[in-house]
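Visitor: no sequence for this one, just the structure:
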């Protein structure tokens, strides 16, 4: 509650209401002029919606399917009894009494690898007074684990000592390959955020929002960020707001999905977009650079990197519209949390574990689009090279139908004339350019 209230005041979406907030309740203030510093507008730097980059981590496990993703048409299945045990006889199905399971669509493995990354988005004002949605350069740490500064430095010292002890110049392999220092994550967040705000109204006074990732909120990391002058960029509680709470002193509150656009629900939109591109390119050869695949962690990383390419930042794309929509939802969620006195509000964003059970299901709701809106949205959000593949397949399918039905079909004839005209126009334009 305290954190949400201070944020709303900093974004100038709320004014202090004359009540003092205590852990056990709220009481009217005796002196209305004595507004506490942590709720005093004059002592809280104003933040604009076009001034913040929102960052969050996202993981995705490898998907091995039987629609060309697994690169195999074979599956191993056993006849099993109704209790799940393998049937004892190896004869035909009727004699042994068991049944074969259906051919799985997704191959499940015991230890699937996963893509790991940290993604950022923002609304920016390029001087025209409009809030334009942008994606930042993503940070990937696939097949690595983010660890704290002291632990990483200790591993570095051990590694240097081990290498020095190798005799006769024998070859060696680094044992640090599975780890990434939190410094690398923070450096990337700062540099990538600065890049998307370059040339905007808030080029010099931007912020980033990130929830309470333990590696970032540790004392040593925050000390290092202060020394590097990075801490001023991170939106944190001010003027002792949470000092009465041991674990939240000078730190943002933990993982609150309703206050993060990526959980509200950009991560799901991004995943669906990747899936769509995978399906569109299933028929392509694995060596084709246009192909999307989820077969390995690195291929998933490549897919996400292509979709999140900052050079394609525009409100006209599907993800662009969702960024703007979900950032606005963060502030709607804050107001609802405030109205409930800091209590949990059902339906704000996805939750899991005990909170999911308590709420009785997934939260989150959006305006239901019409079929036409959904169709247009889906068609718009396809990468140009993938769109060309889709169009090529559509023409190929059309020609197959054409050969079957013959040239007497009026609708087919009209579409053929249209494509021929488009190709002729494109050819003339190319000649003019030359």
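Guide: Thanks, I have it. Please read all numbers here as calculations on a predicted model, not as lab measurements. Numbering: from 1, shown residues only.
Visitor: switch to C-alpha atoms for all contacts and neighbour counts from now on
Guide: Fine.
Visitor: how about the strands in the stretch 51-200 of the chain?
Guide: Counting by DSSP state E, counting those that start in this stretch, the stretch 51-200 of the chain has strands at residues 52-61, 64-65, 106-107, 114-124, 132-135, 139-140, 145-147, 179-181.
Visitor: can you lay out these as a markdown table showing distance to residue 292?
Guide: Formatted as a markdown table, the strands of the stretch 51-200 of the chain follow (distance: least, CA to CA, whole Å):
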| stretch | distance to residue 292 |
| --- | --- |
| strand 52-61 | 15 |
| strand 64-65 | 13 |
| strand 106-107 | 16 |
| strand 114-124 | 14 |
| strand 132-135 | 20 |
| strand 139-140 | 18 |
| strand 145-147 | 25 |
| strand 179-181 | 27 |
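Visitor: which of the ones you listed has the lowest mean pLDDT?
Guide: Across the strands of the stretch 51-200 of the chain, strand 106-107 has the smallest mean pLDDT, namely a mean of 65.
Visitor: could I get the strands of the stretch 51-200 of the chain in a markdown table, plus columns for mean neighbour count and distance to residue 187?
Guide: What follows is the strands of the stretch 51-200 of the chain, written out as a markdown table (neighbours: other CA atoms under 10 Å; distance: least, CA to CA, whole Å):
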| stretch | mean neighbour count | distance to residue 187 |
| --- | --- | --- |
| strand 52-61 | 20 | 13 |
| strand 64-65 | 20 | 34 |
| strand 106-107 | 14 | 37 |
| strand 114-124 | 23 | 12 |
| strand 132-135 | 24 | 17 |
| strand 139-140 | 20 | 10 |
| strand 145-147 | 16 | 13 |
| strand 179-181 | 18 | 10 |
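Visitor: quick one: low-confidence ranges for the stretch 201-350 of the chain?
Guide: Under the criterion pLDDT under 70, the flagged ranges of the stretch 201-350 of the chain are 254-255, 313-318, 342-350.
Visitor: can you list the residue ranges for strands in it?
Guide: Under DSSP E, counting those that start in this stretch, the stretch 201-350 of the chain gives strands at 207-209.
Visitor: hmm, back to that, wait, which of the strands of the stretch 51-200 of the chain is closest to residue 268?
Guide: strand 52-61 (10.3 Å; CA to CA).
Visitor: what about the helices in the stretch 201-350 of the chain?
Guide: Along the stretch 201-350 of the chain, counting by DSSP state H, counting those that start in this stretch, helices occupy 214-217, 219-227, 266-280, 297-307, 318-339.
Visitor: of all those helices, which one is nearest residue 199?
Guide: Among the helices of the stretch 201-350 of the chain, the nearest to residue 199 by CA to CA is helix 318-339 (19.2 Å).
Visitor: any buried residues in that closest one, and which?
Guide: Across helix 318-339, burial judged by 16 or more other CA atoms under 10 Å covers 318-327, 329-331, 333-338.
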